[in-house]
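> Please find the sequence and the predicted model below.
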Amino acid sequence: MRENDSDLLKEYMHNFFGYGNLGSQEEPTMWFVGQEENGGICNEEINVILETWRDREKKEVENLQDFYCKYIEKIKFRLEKENLSNKDCLEKSIKECEKYLKNPYKQEVWTQLMNVAGAYKEDFNSDSFGNHSGAICSLELLPLPYNYSKKDCTDWIKVYGPFDIYSEPGKNKMPPKKYYEEMIPYRICKIKKLIGEYKPEFVIFYIMSFYKYYKKHFKEILGVYLENNHDISGFPIYKGKLNNDTKITKIVISYHPAAKQIPIGFGNKKNDYFSGIGGFLKDY
């Protein structure tokens, strides 16, 4: 693979959406849509993600376990054969991936998504999370992982600056503003098309804060009126229904599992909130 392959990155941005089983009208699955993929600490990490996706036939939706086992294998090969400037970043990525693949409940976001699924369906099997044979599809609204620890975009420039996606003379070749302006409406539209094709029973967008900022895009593209008139464990959700010819897909917008608005403290409100969403879906 050619490092910082801009064409491959652009293809990935437009065609990769997540992990799991999209299902079918006969056997619908539960979909979750997050803000973006986790990770994005260094440029080398992104290159390995792209290489893994390319070598696995550029699937729209991947098998989580298989994808990251291959990803780990590729990183270990690089660490052994190459002199890498961001060795610590890649070693950290391996450690986290191996821990979460061994026990998905150690990953904060996955834990709460599985709490929703388990509360809705008692025979939910957590081993199937993110797999093509499971009952869940975990998608991302935005395609690229990004570390938000620095708000001045220096980390973004270090990771994505070498890619020439939106070339402007003398400027950052991958400006975040341009990325958001193009990707958000494109991918909302694409997710709507996927919903129309596969007809899931539920789609939970766990992007409450993000939704409030981009509400106009959701309303215009999804064409769904979302009501904010339901609380779960004292915290709100939005809800609405999307008509797909012969089937209705129920839409929920919730807080993100890492949202600071829902503390982990007294009574474990975070677990109650996401389990409560699963209970709510039974009667929705």
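In hand now; what should we look at?
> From Leu9, how far off is Ile191?
With the distance defined as Cβ to Cβ, to the nearest Å, Ile191 ends up 20 Å from Leu9. Glycine gets a C-beta too; all of them are placed from N, C-alpha and C.
> Next: Lys102.
Between Lys102 and Leu9 the distance is 30 Å, computed by Cβ to Cβ.
> More neighbours: the two, which one.
Between Lys102 and Leu9, counting by other Cβ atoms under 10 Å, Leu9 is the more crowded of the two (22 against 8).
> Now the more buried one: closest residue in space, sequence neighbours ignored.
Nearest in space to Leu9, with sequence neighbours left out and distances taken as Cβ to Cβ, 6 or more residues apart in numbering, is Phe163 at 5.0 Å.
> so which strand or helix has that neighbour?
Using DSSP states H and E, Phe163 maps to neither a helix nor a strand.
> and it, what is it in contact with?
Contacts for Phe163 (Cβ atoms under 8 Å, 6 or more residues apart in numbering) come out as 4, 6, 9, 173-174.
> Now the terminal residues of stretch 47-65, how far apart.
In stretch 47-65, first residue to last residue: 19 Å (Cα to Cα, to the nearest Å).
> cool, stretch 126-134 as well?
9 Å.
> do the same with stretch 79-91
Using Cα to Cα, one end of stretch 79-91 lies 8 Å from the other.
> can you check stretch 250-258 too?
First-to-last residue span, stretch 250-258, Cα to Cα: 23 Å.
> So which residues make contact with that stretch?
34-35, 108-109, 111-113, 201-209, 211, 222, 224, 226, 235, 237-242, 261-262, 270, 273-274, 277, 280-281, 284.
> try stretch 56-74
Residues outside stretch 56-74 that contact it (Cβ under 8 Å, 6+ apart): 11-12, 15-22, 48-49, 51-53, 55, 94, 97-98, 101, 129-132, 137-139.
> Going by neighbour count, which residues of stretch 197-209 are buried?
Of all the residues in stretch 197-209, those buried under the rule 16 or more other Cβ atoms under 10 Å are 198-208.
> before we move on, what about stretch 220-232?
Applying a neighbour-count criterion of 16+ other Cβ under 10 Å, one finds 221-222, 224, 226, 232 buried in stretch 220-232.
> Could you do stretch 242-262 as well?
Neighbour counts over stretch 242-262 (16+ other Cβ under 10 Å) mark 242, 244, 249, 251-257, 259, 262 as buried.
> Now do it: distance from first to last residue.
End-to-end distance of stretch 242-262 (Cα to Cα): 28 Å.
> quick one: the lowest-mean-pLDDT helix or strand in the chain to chain centroid distance?
Sorting the helices and strands of the chain by mean pLDDT, DSSP states H and E puts helix 154-160 at the bottom, at a mean of 81. Here helix 154-160 is found 20 Å from its chain centre; the criterion is Cα atoms, centre = their mean, to the nearest Å.
> Restricting to C-alpha, output it in CSV.
The C-alpha coordinates for helix 154-160 follow below in CSV (Å, rounded to 0.1, in the frame of the first residue of the first chain):
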residue,chain,number,x,y,z
THR,A,154,-3.3,20.2,15.7
ASP,A,155,-4.0,16.5,16.2
TRP,A,156,-6.3,16.5,13.1
ILE,A,157,-3.6,18.1,11.0
LYS,A,158,-1.0,15.6,12.2
VAL,A,159,-3.2,12.6,11.4
TYR,A,160,-5.0,13.7,8.3
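> which helices and strands sit right next to it?
On a contact count with 3 or more Cβ pairs under 8 Å, 6 or more residues apart in numbering; DSSP states H and E, helix 154-160 meets helix 43-55.
> tally of neighbours for Tyr211?
Residues contacting Tyr211 under the criterion other Cβ under 10 Å number 19.
> Who's the closest spatial neighbour of it, skipping the chain neighbours?
Leaving aside its sequence neighbours, Tyr211 sits nearest to Ile253 (Cβ to Cβ, 6+ apart; 5.1 Å).
> what's across from that neighbour in the sheet?
On the basis of DSSP bridges, Ile253 is bridged to Phe205, Tyr238.
> any idea how far it is from Asn63?
Distance, Ile253 to Asn63, using Cβ to Cβ: 27 Å.
> For the residue sitting nearest the centre point of the chain, pull up the helix or strand it's in.
In the chain, the C-alpha nearest the mean C-alpha coordinate belongs to Glu140, at 2.9 Å (Cα atoms, centre = their mean). Using DSSP H and E, Glu140 sits within strand 136-142.
> before we move on, back to that, quick one: least confident of the contacts of Phe163?
Of all these, Lys173 has the smallest pLDDT value, namely 74.
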